[in-house]
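J.: sequence below, structure please.
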Amino acid sequence: MKLILAITLLFFAIPNVSHAQSPARPLLVFGAASLSNALDEIIAGYAARDGVQIKASYGASSVLAKQLDAGAPADLFISADQEWMDYVEKKGLIRRESRIDLLGNALVLIAGQNNDVVVDLKPGVDLKIALAGQKLAVADPDSVPAGRYAKAALMALGCWDKVSNMLAPAENVRTALAYVARGDAPLGIVYGTDARSESRVRTVAIFPASTHPPIIYPAALTANATPAAVKFLAYLSESGPQAIFAKAGFLKPN
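T.: Numbers count the residues shown, from 1 in each chain. The predicted structure is shown next:
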């Protein structure tokens, strides 16, 4: 009996030791698609400096917010607009006191690098003429922040009704960028940072800031964030990461 008891105790002790020595799970960051280049660079530098494992999942803010709502185990959420951060806050999915306005951005009209079209983004502009019967690439204006900013800007300029049936809606802003880069659409509306990240497109014009709501990227810890996430969120506001964001074209939040 003593031998059986000893073996039983040993059997149950082994998993406990294994669990105690198992590495902590990587820190998971949910970030708007437009952040990918800059945030990947920041994550790589932080991981090399502090030895912290960080993984990032990028997509439309709407998709990421709904994944959080479905129970996705992220530690940090960086949205491309306030509305989707409001959505997760109302559901108790983030720590309200941790929420900050991290970055800003601009909205631009892009064309393929070899497309020499000229467009003056002033009231009454007719993008339908510039499109010449082809599609305008935008992130889905019904849910994706970049698409909602685009719709607001086009409405403010008085040309939404003329082009609303000529859209090539994309699942996120980087997909809209790819449509133009590949030549699937002659024109697109993306963030200024996206245009800078892709050599196959050029910025035709910048939408006046007065035509759309301020483009703000709020960031917040999720309700189940680890202590490592607290440190990483604080790090994102430091001068080093902010310089990387600025190099990519991000602005200070208004």
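J.: give me the neighbour count for Ser210.
T.: 7 (other CB atoms under 10 Å). (Glycine included, C-beta is placed from N, CA and C.)
J.: ok, the closest residue to it other than its chain neighbours - contacts?
T.: Excluding the flanking residues, the one nearest Ser210 by CB to CB, 6 or more residues apart in numbering is Ala156, at 7.4 Å. Shown in contact with Ala156 (CB atoms under 8 Å, 6 or more residues apart in numbering): 123, 210-212.
J.: again, but for Lys247
T.: If a contact means CB under 8 Å, 6+ apart, then Lys247 has Ala38 as its contacts.
J.: could you redo the last one with a cut-off of 7 Å?
T.: Neighbouring residues of Lys247 by CB atoms under 7 Å, 6 or more residues apart in numbering: there are none.
J.: let me know the pLDDT of it.
T.: If you check Lys247, the pLDDT there is 97.
J.: before we move on, the earlier item: how far away is the residue nearest to Ser210 from Thr211?
T.: Distance check for Ala156 against Thr211: by CB to CB, to the nearest Å, it reads 4 Å.
J.: before we move on, what about Asn37?
T.: Using CB to CB, which is the criterion applied here, Asn37 is 26 Å from Thr211.
J.: likewise Ala248?
T.: Computed with CB to CB, the distance linking Ala248 and Thr211 is 23 Å.
J.: which one's more surrounded, the two?
T.: Neighbours were counted for Ala248 and for Thr211 using other CB under 10 Å; Ala248 has more, 22 against 18.
J.: ok now do that one, which residues does it touch?
T.: 37-38, 193, 196.
J.: what's the closest of those residues to Phe30?
T.: If you rank the contacts of Ala248 by distance to Phe30 using CB to CB, Ala38 comes first, at 15.4 Å.
J.: sorry, back to before: and the contacts of Ala156 as a markdown table, adding secondary structure?
T.: Formatted as a markdown table, the entries for the contacts of Ala156 read as follows, by DSSP: H, G, I helix; E, B strand; the rest coil:
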| residue | secondary structure |
| --- | --- |
| Pro123 | coil |
| Ser210 | helix |
| Thr211 | helix |
| His212 | coil |
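J.: for the residue nearest to Ser210, give me the pLDDT.
T.: 98.
J.: try the one 5 residues further on
T.: With respect to pLDDT, Asp161 scores 95.
J.: can you tell me the element it falls in?
T.: Assigned by DSSP states H and E, Asp161 falls within helix 160-163.
J.: what helices and strands are in contact with that helix?
T.: helix 127-131, helix 145-156 (3 or more CB pairs under 7 Å, 6 or more residues apart in numbering; DSSP states H and E).
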